[in-house]
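Trainee: could you work out the structure for the sequence below:
(5 chains, ligands or ions: 4)
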Amino acid sequence: MFEMMQRIRELSVQSLVYLAALLVSAIFIWILSDLVRGGIAHLSWEFLTESPRDAGRAGGIASILVSTILILLVALVTAIPLAWATAVLLAEFIPITSLFGKVVRFSLYVLAGVPSIVFGLFGNAFFSIYLGLGFSILSGGLTLACMLLPILTATAEAGLRAVPDNYRLSSAALGMTRTAALIHLIVPAAAPALVAGLLIGIGRALAETAALLFTSGYVDRMPGSLLDSGRALALHIFDLSMNVPGGDAPAFAAALILVSLLLCINILAMKLAYDLQRRKMMI
Amino acid sequence: SQRLILTGSSTVAPLVGEMARRFESQFPGVRIDVQTGGSSRGINDVRKGIADIGMVSRQLKQNENDLYAFTIALDGISLIVHADSPIVSLSKTQIADMFTGQITHWSVVGGTDARITVVNKAEGRSTLELLLDYLELKNSEIKPHIIIGDNAQGIKTVAGNRNAIGYLSIGAAEYEVKRGAPIRLLALDGVQASVKNIHNGSFPLSRPLNLVTASEPQGLIRQFIAFAQSSQVHDLIKSQYFVPVDAD
Amino acid sequence: MQTDRLLVGFLRVGAMVSALVMLLILLFLLLESWPVLSQLSLLRFVVDTSWHPLEGAYNLMPMLSGTLLASLGALLLAIPLGIASALFIVFFAPSYVASLYRRFIELFAGIPSVVFGFWGLTTLVPLIGEWQPPGASLLAGVTVLTLMVLPMVALTAYTALAAVPEELFRNAAALGLSRWGMVRGVALPAARTGIIAGIILAAARALGETMAVLMVAGNVVQYPESVFDPIRTLAANIALEMAYAMGDHRAALFVSGLLLMALVMVLSGMAGLVEKQSHV
Amino acid sequence: MNTNRDAFTLGPLESGPACCVPQPIIQVKNLSLRYGDKIALDNVTLDVFKGCITALIGPSGCGKTSFLSAINRLTDLIPGCSINGRILINGQDIHAANNNVQALRRNIGMVFQKPTPFPLSVRRNLSLPLNEHGVIKKSEVAAIIEQVLQDVGLWGEVCDRLDTPALSLSGGQQQRLCIARALALNPEILLMDEPCSALDPIASGVVEDLINRLQGRYTIVIVTHNLAQARRIANYAAFFWVRERTGQLIEFGRCQHIFESPNHELTAAFVNGHRG
Amino acid sequence: MNTNRDAFTLGPLESGPACCVPQPIIQVKNLSLRYGDKIALDNVTLDVFKGCITALIGPSGCGKTSFLSAINRLTDLIPGCSINGRILINGQDIHAANNNVQALRRNIGMVFQKPTPFPLSVRRNLSLPLNEHGVIKKSEVAAIIEQVLQDVGLWGEVCDRLDTPALSLSGGQQQRLCIARALALNPEILLMDEPCSALDPIASGVVEDLINRLQGRYTIVIVTHNLAQARRIANYAAFFWVRERTGQLIEFGRCQHIFESPNHELTAAFVNGHRG
Ligand SMILES: Nc1ncnc2c1ncn2[C@@H]1O[C@H](COP(=O)(O)OP(=O)(O)OP(=O)(O)O)[C@@H](O)[C@H]1O
Ligand SMILES: Nc1ncnc2c1ncn2[C@@H]1O[C@H](COP(=O)(O)OP(=O)(O)OP(=O)(O)O)[C@@H](O)[C@H]1O
Ligand SMILES: [Mg+2]
Ligand SMILES: [Mg+2]
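Mentor: Ligands and ions are numbered 1, 2, ... in the order given. Predicted structure coming up:
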């Protein structure tokens, strides 16, 4: 009797879980297939190499891709040194209990939760208007940099902390300075984690729309300098679908490209994580 | 190299963007940035000197006559419904009643017995201001069911909903109808919403598309405005379903 | 020693700048919203007739309720589905299906909100509209938000479950516990903190999500009477009106930004409490 | 399997039979165990006698833990782990098709090196497995909990804080709680994998005493690195060794025999501390 | 500290002095060590004699590792760890203000329980610390590398694959590499924390032989759980015990004395396997 009930319980739980997984997969496959169906016809080599014409209905997304990459570069070049310096300090040099560490960690923790639209507000007020950068790739990139800070710091700190303590102890026991240990042992050992975090950050930046709405602007032309306005890919999709009659097909195609880009990044990150695991197994 | 910055109406921006592209190809070394953000932003930016030229999709108001306006094209606002709707024409009062929630069902105006879905635009848009002017209403009196930001969203919303009524630029609407979108432009007080009727001035809900400047235009600014008003760009205006102004 | 000290000095400066960003954001939000905050009493944001900033009405409450309702709805759907997904990966699926499914979820965690919004706009809204017009509604918003936070809930729950020490499972198995007994009795309690932290993260994401909701939720400022009524969220409000806003209108939008921040900070505080509790 | 609980509470623990009977309860026949390609145990044949304490000794990596896990089929959980040979418990093949793994494991308690109470309250730690095995009545559960906590000598220490988290107990208490958790299911056999080695000397002594007291009532198979401990508590000892990365059973016999006059020179070297 | 490298290569390792001199090189005076509030070691006073092997024995958690770490100030790295008392090396206080930690640690090699080669090539494992201490000339580095690998008996095994990752070596080879790495800096003192316990029996034997051969040339302090091993290799033994969660030094003396006629009954119980 009891065993019977237990079997029934096991079975029903199992079917519920399978059902949920099936449902989730089905919906996501539905979305993906919609994207592919809507966009595949519009995809071509020209779509990648031409700049948009007729508000994006015709032409391609070359200038959009260039702007996107420029925004990304600005963001990374600004965020990486700050984030990794912070992470190294937090993970290697100050005890968990230090007040300074707590303050930095807390402020990054809050920063991580700030909605992207609020970053957009801030970027507009601070970079575009207060610093006078206007609607430009520079303001957009700097706004994104603020957004990436907590992600990059957190992943890097976790990566550094995951480096086995015995590297630190044995290098110290050999009379090496901490700087030397950091440069020769710890950072190389954490490198896959750092890069994986970087890829996550890039993925996040590529997907971002709301923060760029009021900072990097809408201009869909090939940017001539960092002070030009440039439209990011995600924003292009938004604009095509919301503001351009007849923009659906290119929007689908652009979405398809964006998703494929993110997929590549995802696969790369996964491969890194895999290598990391293998390396761990060897230790 | 020289640079011009234009900001303002999202209705005008795509058109001016195309004009700018052609202008640049004729004058190498000139760079023209076109930003959208709405008519009021165009006015604001020009006043603050952030932009050289503002794009405004309506007549200048009383308190704005410190600015210089140059009409480059005409546009009308049409009310639109789904193509399956039996309605072809509405009067000004019927529209006002629908938008204020006094008429809630299509049956009242001769349609099916279904609830009306009123599609309105977000605060600050010039199409909204124009419609409010025409209906003599305040935005707070309108009881919308959906609020949208820009034109295409309005078309999508109405095309996807048999019982919706919305409004948008006639140019955009006609373009979509040609492309096969299931929407219909409603006649207003019996006057058909069409480019022709805007052209001849009989359609009540029409507006000029203006470029505005803070001072008498000089140099490159003047060159560009002249270019935008010249017949060299009529094909662009027509391809966007706006109405060139040179007729008279 | 010398190099060590130099490096630490360098790093400290970096960390200081990182920490200052948060302050800077708060400062500028306050600065920009100051015109309205200093002129109007805070009460105006609660008791005004509605949100018509051009007519001097600044009530944020309908949008606050819209934000909360949409997020709550999304969480209600995403939590069971997300946790079930995580359980599927860790306990129920054969290993290759599990890793496939996990990659799948990871891929979806990275998909931009615009794409979800776009899909919602072209597929979901018309679908709901067929059934209960107008289609753009709280329901559409909740659905799109669910899709967005579900991968997050699933992945954090997965991480928490995977971090449960193997020994606990071996112990449970050695006691002859059934699979569900193991999951409910051991795995879920052991992973509780991680799962809750993930849910809080997801909540913050849902509250702040802008573009997807903007595209599908209808954006009417009102208290919805049913799930088929349209709503406007605080974040969507900013994105919708910011471009056209000037003067007090703009300042009022920054006030909604502040309100959003406050919500997120409350959530962070809650997450902190959860963390503390776990250290018993 | 003895599911009759009355048979269990036959008086205070101390009154159990004093020693063990030389009647096999676990019969391991030609057991080989591999992890993927790696052979962890090669052709082990061994009888474990009812009510006795059998100690498994040998250097690290010789397959002692693997041997224990094979007995209660915990190896099923390890991907890539495969088993050849037969294991009979009370004459019944544990891999027989009609054998219920859950019931098998209920009958074989297991205690691990690291104390691993579940992250639940003390009480819930004990009631969870009971509930899972169909003992649901509140009063019955409470009675069993008190009984087993008494048996492991923990009742006096925790009876007033049954609802505090089990993780707040000290290491030795946690380990005894784990033993109690295994005892609560009223098993015949107890497998212990270095139950004292993660504990400080005093806690370790307490647990050792407890194991001594359990002798006779349960059949105990214990892995220990501490030869002195094996000598102190076990009736039988099995010596494993690793040759060419493969674990093998070198010698099995009465404890005294293994420690004082082993047949095999490797055993002699090991128990005298010359090797390993 | 002896930084003159010539003094180091005074011929093959086997020809070193046969035994140790009873002259203290490390003097530990009233050392107490705490982690936050927890006192891990209480008032330990002990002299380590030059060239001798001193074994630290005692149950788990009695503070043996902590004691070792205090000697080369590795405890500095542990947040919350504080030290009272004095430690003199060659008569000089290691905490003296003018004492350079890096130089101190160069003079005191340390080998850990788990082999901890860096994830670099075999060669780089040895050259990195050398470079860091200013030995940069290629030929000099190469000579030292060959020398120390010879000393630990690894040269024959790895001379043709110096550029393969050190992690691809076997556990015993890794441990010997770690010892070589410590020796490369030409220290006076070697601290070893259970250097054999993570190795299989055969590798363990090889490392033990190596330690034996190092005797006389270096002063060695070794922690081991293996009493037989301590007996085999050590000249002196220090017995630690844990009382009320605090580690204490119970007895220190010549190895034979500690194992055969200890003064303290706890020591007797421990070395005879009755406790711990
Ligand atoms: N899950 C596994 N996958 C692969 N190999 C394993 C696994 N578990 C154990 N092994 C290997 O099998 C051999 C026997 O392991 P086992 O844990 O049974 O040894 P042990 O005698 O218990 O050692 P110890 O005294 O260190 O606990 C070892 O060489 C080990 O590396
Ligand atoms: N970093 C630390 N923080 C807090 N307590 C610690 C720390 N390291 C060790 N301890 C505690 O100090 C005591 C002594 O630890 P230590 O590692 O020195 O013992 P040990 O004799 O080396 O034990 P084992 O034989 O298990 O290695 C132990 O109770 C341990 O829990
Ligand atoms: Mg084991
Ligand atoms: Mg230790």
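Trainee: would you pull up the residue in chain B closest to ligand 2?
Mentor: B:Gly149 (58.0 Å; C-beta to the nearest ligand atom). C-betas here are computed from N, CA, C, even on glycine.
Trainee: tell me which residues touch that residue, please.
Mentor: Residues in contact with B:Gly149, defined by C-beta atoms under 8 Å, 6 or more residues apart in numbering or on different chains, are A:242-243, B:121-122, B:125, C:214, C:219, C:240.
Trainee: could you do A:Leu261 as well?
Mentor: Contacts of A:Leu261 by C-beta under 8 Å, 6+ apart are A:206, A:233.
Trainee: repeat that for 10 Å
Mentor: Taking C-beta atoms under 10 Å, 6 or more residues apart in numbering or on different chains, we find A:Leu261 in contact with A:65, A:68, A:202-203, A:206-207, A:233, C:110.
Trainee: tell me the SS of it?
Mentor: helix (DSSP: H, G, I helix; E, B strand; the rest coil).
Trainee: show me the contacts of B:Gly149 that map onto strands.
Mentor: When DSSP state E is applied, the contacts of B:Gly149 are split such that B:Lys121 fall in strands.
Trainee: quick one: stretch C:143-162 near chain A?
Mentor: Yes - on the criterion C-beta under 10 Å from any C-beta of the partner chain, stretch C:143-162 is in touch with chain A at C:143, C:146-147, C:150-151, C:154.
Trainee: looking at neighbours, which among the residues you listed is most surrounded?
Mentor: C:Ala154 (33 neighbours; other C-beta atoms under 10 Å in any protein chain shown).
Trainee: tell me both backbone torsions, phi and psi, for that one.
Mentor: phi -60, psi -40 (degrees, to the nearest 10).
Trainee: ok, it touching A:Ser25?
Mentor: No - C:Ala154 lies out of contact with A:Ser25 (C-beta atoms under 10 Å); the separation is 11.6 Å.
Trainee: for chain A, give me its nearest residue in chain D.
Mentor: D:Gly134 (3.9 Å; C-beta to the nearest C-beta).
Trainee: kindly report the residues of chain A close to chain D.
Mentor: A:1-3, A:5-6.
Trainee: can you add neighbour count, distance to A:Leu185 and secondary structure and give those back as a markdown table?
Mentor: Converted to a markdown table, the residues of chain A next to chain D look like this (neighbours: other C-beta atoms under 10 Å in any protein chain shown; distance: C-beta to C-beta, whole Å; DSSP: H, G, I helix; E, B strand; the rest coil):
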| residue | neighbour count | distance to A:Leu185 | secondary structure |
| --- | --- | --- | --- |
| A:Met1 | 6 | 62 | coil |
| A:Phe2 | 10 | 57 | helix |
| A:Glu3 | 13 | 56 | helix |
| A:Met5 | 10 | 57 | helix |
| A:Gln6 | 17 | 52 | helix |
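Trainee: wait, which of the residues you listed is closest to ligand 2?
Mentor: Of those, the one sitting nearest to ligand 2 (C-beta to the nearest ligand atom) turns out to be A:Gln6, at 41.5 Å.
Trainee: tell me the pLDDT at the closest one?
Mentor: According to the prediction, A:Gln6 has pLDDT 83.
Trainee: with adjacent residues omitted, what lies nearest to it?
Mentor: Sequence neighbours aside, C:Ser178 is the residue nearest to A:Gln6 in space, at 5.9 Å (criterion: C-beta to C-beta, 6 or more residues apart in numbering or on different chains).
Trainee: and if you look at C:Phe228?
Mentor: Nearest to C:Phe228 is C:Gln132, by C-beta to C-beta, 6+ apart, at 4.2 Å.
Trainee: how about that neighbour, what does it touch?
Mentor: C:139, C:226-229 are the contacts of C:Gln132 under C-beta under 10 Å, 6+ apart.
Trainee: only whichever of these are buried, select them in PyMOL.
Mentor: The buried residues among those can be selected in PyMOL (16 or more other C-beta atoms under 10 Å in any protein chain shown) with this line:
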select buried, chain C and resi 139+227+228+229
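Trainee: narrow the contacts of C:Gln132 to those in helices?
Mentor: C:Leu139 (DSSP state H).
Trainee: now the contacts of C:Gln132 in TSV, with pLDDT and distance to ligand 1?
Mentor: Output for the contacts of C:Gln132, formatted as TSV (pLDDT from 0 to 100; distance: C-beta to the nearest ligand atom, whole Å):
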residue	pLDDT	distance to ligand 1
C:Leu139	95	49
C:Ser226	90	55
C:Val227	90	50
C:Phe228	90	55
C:Asp229	90	57
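Trainee: up against ligand 1, what does the stretch 151-276 of chain D have?
Mentor: Residues of the stretch 151-276 of chain D lying near ligand 1 by C-beta under 6 Å from any ligand atom: D:Gly247.
Trainee: how about the residues of the stretch 1-150 of chain D by ligand 1?
Mentor: So the stretch 1-150 of chain D meets ligand 1 at D:35, D:38, D:40, D:60-66, D:78 (C-beta under 6 Å from any ligand atom).
Trainee: now, of those residues, which are buried?
Mentor: D:40, D:61-66.
Trainee: closest to A:Leu174 out of those residues?
Mentor: Closest to A:Leu174 out of these is D:Gly61 (28.9 Å), distances taken as C-beta to C-beta.
Trainee: what kind of secondary structure is B:Leu4 in?
Mentor: Applying three-state DSSP: B:Leu4 is strand.
Trainee: burial of it, as a residue count?
Mentor: When neighbours are counted by other C-beta under 10 Å, B:Leu4 comes out with 19.
Trainee: identify the bridge partners of it.
Mentor: B:Ile32 (DSSP bridges).
Trainee: mind checking how far the closest residue to B:Ser140 other than its chain neighbours is from A:Phe122?
Mentor: Counting by C-beta to C-beta, 6+ apart, B:Ser140 lies nearest to C:His52, which is 4.5 Å off, once chain neighbours are set aside. Going from C:His52 to A:Phe122 by C-beta to C-beta, to the nearest Å gives 26 Å.
Trainee: ok, the two, which is more surrounded?
Mentor: A:Phe122 (28 against 19).
Trainee: pretty sure that one is in contact with C:Val21, am I right?
Mentor: Yes - in this structure, A:Phe122 is within contact of C:Val21 by C-beta under 10 Å, at 9.1 Å.
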